[in-house]
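Peer 1: Output the structure for:
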Amino acid sequence: MQIRRVSHKIFLGFLALSSMILIIMFVVVRTSYASSLKHNEINSLIQASNRTREQFDFIMSIIDDTARVIGSRPEVLAALTSTEQPPPGQSDFSMNVYLQSLQEIQPFLGNISIVGAGGQFRSSNMALKGAFFEGLYRRYEHYFNSGMYKDYFVDTCDSDFFPSYAPRDILTGVWPVYDIKTEKLLGQIYIGLNYSLFQELFILSPTSNKEKILIIDPTGKIIYHHPVFISFDPVLAVYPRLVTADEVIIEGKVFDIDSFIVSQTSQVVGWRFISIVDTKYITGDTLKTQRLFTIVFIISIIIILIFSIFMSHILTKPVKLLFDACKRIENGDLSFRVAIRTNDEMGQLGHTFNLVMDQINANLERELVEQKRQNELKLEILRSQINPHFLYNTLDSIKFLANLQEIHNIASMCSSLINLLKYNLSSSTLATLGEEVESVSNYVGLQKYRYGDIFEFKTEIVKETECCEVSRFILQPLVENCLIHGFDGGESGGEITIRSSINGETLCLEVINNGKYMDKETLDKVNRGMEQERPFSTIGINNIRERIQLQFGDRANLIYSSGEGMETIAYLRFPVRPYQPGQ
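Peer 2: Predicted coordinates for the structure are as follows:
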């Protein structure tokens, strides 16, 4: 089964979460900022168009004031009411100079001319004749005389009224001049707006290098357009609102190019100033900002990627060390330890892992030692079982001869020895308490021939304990210690008692003798397993203690009590469990 590394999961999770947050922020910021920037750029276009229109209205207001000043001057009124005309080929020089001076003071002014009701004519341009203005005069005379007049009219200066050699004006304003007393029309004042200066007005516009300019009158007639080589009639046909509405903002196609169209109406002359700008110019800053956001986003993704790799390495390095340690231990290397030197949970986990492995190694070493000891004990038993039948047959022959010669004590000794050997040389390491006590009785019967009547042997065995399971060959060494150490002086009156009882779930055995006592130092050494074994015996107290603990666990134990004026007692404790043959 393929194992998915935790580092990959952490890396992918951290990268996905960070990327998702960054993408959301990027989309929100980019969308909101781009929308705001686009809105601001459109407003900037509208404001630029408004400034151009306001400049035009301001110039027209100055022209209006100039016309009213001219119409109110006495010499102008006198010239209009005079019936005398200058000689042919001549003009009123002083009046013409006055009009020329006004034109020079205000360079945006075009031709300034005055036409009287009686045909009087004065002009700042000596090349113009009064006949040029007769058509204009007749056009507006009816309106001014009928009372339907306005303050002034604005004419678009058709070429029909101006010769080709005359300076070109973009428009001409027409102002009436009345007799204050009779309110009779005395004449008309014509002031033109210089075409070249009008063109500069749009060339100096903040967006002039990016936009197309179109000026139409209220009827939809195109008065001015930039560039001059483009026809804008198709644009007015596609967007008729530009002709009818005072203010229009349209986003659409002009000449198959996505564009913004802004229309503003002059409050003075009623003309509509239309600006057409390619969308890419309007959204240029927005696109630059979006590209900048994209670059920042890519750089952020790269930084997050590097940071995710770094963090996943930092976070999973201890886990990887533990994983590698487990794999090595799985392959049998129990000596391997991890080195996680961090002051966090992973460091504590690594420390605990090392402690667990130390304990496992200690337990294995202890198990190996115990196993080795068990093998040695089994080896001893196997060695003692070499040719047991030969020994049994020999003892039976000795017993037969003793009975034949009526030497009954020798026959009894042989019988006890045969029973003792059969019990001790059994392959089983466990027996019932009754069998163990019977074996000790055979051993004591043999020792009676040696020690005589210097001791008495008694058993106080509770019947319920006879079937309890105990380790084989544990009572005989204890009784042997009583004989060797307790009664080695040969005094009579000694007693050895074996007593059994059950206390709850514990089988209690006591081997008691009234012989010599052990001093405190010797007693401590015996109970701590430090007593010296006899050179000719490998089965001592330590051997018994180790065997019963191997077979019955920590609940089994052997401990001595002794002292001056006291009996020496060996206490044996076993968990109560019935004997199972063949175990």
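
Peer 1: Wait, residue 211 touches residue 274, no?
Peer 2: No. Contact criterion CB atoms under 8 Å: residue 211 and residue 274 do not qualify, at 9.7 Å. C-beta here means a position set from N, CA and C on the backbone, and glycine is covered the same way.

Peer 1: Worst mean pLDDT across the helices and strands of this protein, which element?
Peer 2: Within the chain, no helix or strand scores below helix 388-404, which has a mean of 62 by mean pLDDT, DSSP states H and E.

Peer 1: Looking at residue 573 now. What's its pLDDT?
Peer 2: Residue 573 carries a pLDDT value of 94.

Peer 1: now the nearest residue to it once chain neighbours are set aside: how far from residue 134?
Peer 2: With sequence-adjacent residues excluded and distances taken as CB to CB, 6 or more residues apart in numbering, residue 573 is closest to residue 557, at 5.0 Å. From residue 557 over to residue 134 the distance is 147 Å, taken as CB to CB, to the nearest Å.

Peer 1: ranges for the strands of the stretch 1-150 of the chain?
Peer 2: Using DSSP state E, counting those that start in this stretch, the strands of the stretch 1-150 of the chain run over 109-116, 121-123.

Peer 1: mind showing which ranges of the stretch 451-583 of the chain have poor pLDDT?
Peer 2: For the stretch 451-583 of the chain, applying pLDDT under 70 flags the ranges 489-490, 531-539, 582-583.

Peer 1: Helices of that one, residue ranges please.
Peer 2: Secondary structure of the stretch 451-583 of the chain (DSSP state H, counting those that start in this stretch): helices located at 475-481, 520-527, 541-552.

Peer 1: give the contact list for the residue lying closest to residue 342 once chain neighbours are set aside.
Peer 2: Sequence neighbours aside, residue 318 is the residue nearest to residue 342 in space, at 6.8 Å (criterion: CB to CB, 6+ apart). Residues near residue 318 by CB atoms under 8 Å, 6 or more residues apart in numbering: 338, 340, 342, 346-347, 349-350.

Peer 1: now with 10 Å?
Peer 2: Residues counted as contacts of residue 318 (CB atoms under 10 Å, 6 or more residues apart in numbering) are 338-342, 344-347, 349-350.

Peer 1: now residue 73
Peer 2: By CB under 10 Å, 6+ apart, the contact list for residue 73 reads 79, 95, 98.

Peer 1: now the strands for the stretch 201-350 of the chain?
Peer 2: Assigned strands in the stretch 201-350 of the chain, in chain order: 211-216, 222-226, 248-254, 257-265, 272-278 (criterion: DSSP E, counting those that start in this stretch).

Peer 1: pLDDT score assigned to residue 106?
Peer 2: On the pLDDT scale, residue 106 is placed at 80.

Peer 1: Counting neighbours, what do you get for it?
Peer 2: Neighbour count of residue 106, defined by other CB atoms under 10 Å: 16.

Peer 1: hang on, residue 178 packs against residue 144?
Peer 2: Yes. Using CB atoms under 10 Å, residue 178 is in contact with residue 144, at 8.1 Å.

Peer 1: what sits in contact with each of these two?
Peer 2: Shared contacts of residue 178 and residue 144, defined by CB under 10 Å, 6+ apart, comprise 185, 187.

Peer 1: Of these two, give the one with the bigger neighbour count.
Peer 2: Using other CB under 10 Å as the criterion, residue 178 and residue 144 rank with residue 144 on top: 22 against 15.

Peer 1: Once you drop chain neighbours, what's closest to that one?
Peer 2: residue 176 (4.3 Å).

Peer 1: Same question for residue 223.
Peer 2: Leaving out its chain neighbours, the residue that sits closest to residue 223 by CB to CB, 6+ apart is residue 215, at 4.6 Å.

Peer 1: So for that neighbour, what's the pLDDT?
Peer 2: pLDDT recorded at residue 215 is 83.

Peer 1: The one 4 residues further on now?
Peer 2: Each residue has a pLDDT score; the one for residue 219 is 80.

Peer 1: Report the separation between it and residue 195.
Peer 2: Relative to residue 195, residue 219 is positioned 20 Å away (CB to CB).

Peer 1: Would you agree the residue nearest to residue 144 is in contact with residue 142?
Peer 2: No. With contacts counted by CB under 10 Å, residue 176 stays clear of residue 142, the gap being 11.7 Å.

Peer 1: quick one, which of the two is more surrounded?
Peer 2: residue 176 (21 against 10).

Peer 1: Now do the SS call for the more buried one.
Peer 2: On the three-state scheme (DSSP: H, G, I helix; E, B strand; the rest coil), residue 176 is labelled strand.

Peer 1: What's the local residue count around the closest residue to residue 501 other than its chain neighbours?
Peer 2: Excluding the flanking residues, the one nearest residue 501 by CB to CB, 6+ apart is residue 508, at 4.8 Å. For residue 508, the tally of surrounding residues (other CB under 10 Å) stands at 17.

Peer 1: cool, residue 319 as well?
Peer 2: Using other CB under 10 Å, residue 319 has 16 neighbouring residues.

Peer 1: That one touches residue 346, doesn't it?
Peer 2: Yes. Look at residue 319 against residue 346 with CB under 10 Å: they come within range, at 7.4 Å.

Peer 1: Residues that sit against both of these two, list them.
Peer 2: When contacts are counted by CB under 10 Å, 6+ apart, residue 319 and residue 346 have residue 340 as shared neighbours.

Peer 1: Provide a list of residues in contact with residue 116.
Peer 2: 76, 79-83, 85, 122, 130, 137, 177, 185-188.

Peer 1: 8 Å - rerun?
Peer 2: Residue 116 makes contact with 79-81, 186-187 under the criterion CB under 8 Å, 6+ apart.

Peer 1: which one of the strands of the stretch 1-150 of the chain lies closest to residue 433?
Peer 2: strand 109-116 (142.6 Å; CB to CB).

Peer 1: Give me the mean pLDDT for that closest one.
Peer 2: Averaging pLDDT along strand 109-116 gives 83.

Peer 1: cool, and stretch 315-330?
Peer 2: For stretch 315-330, the mean pLDDT works out to 75.
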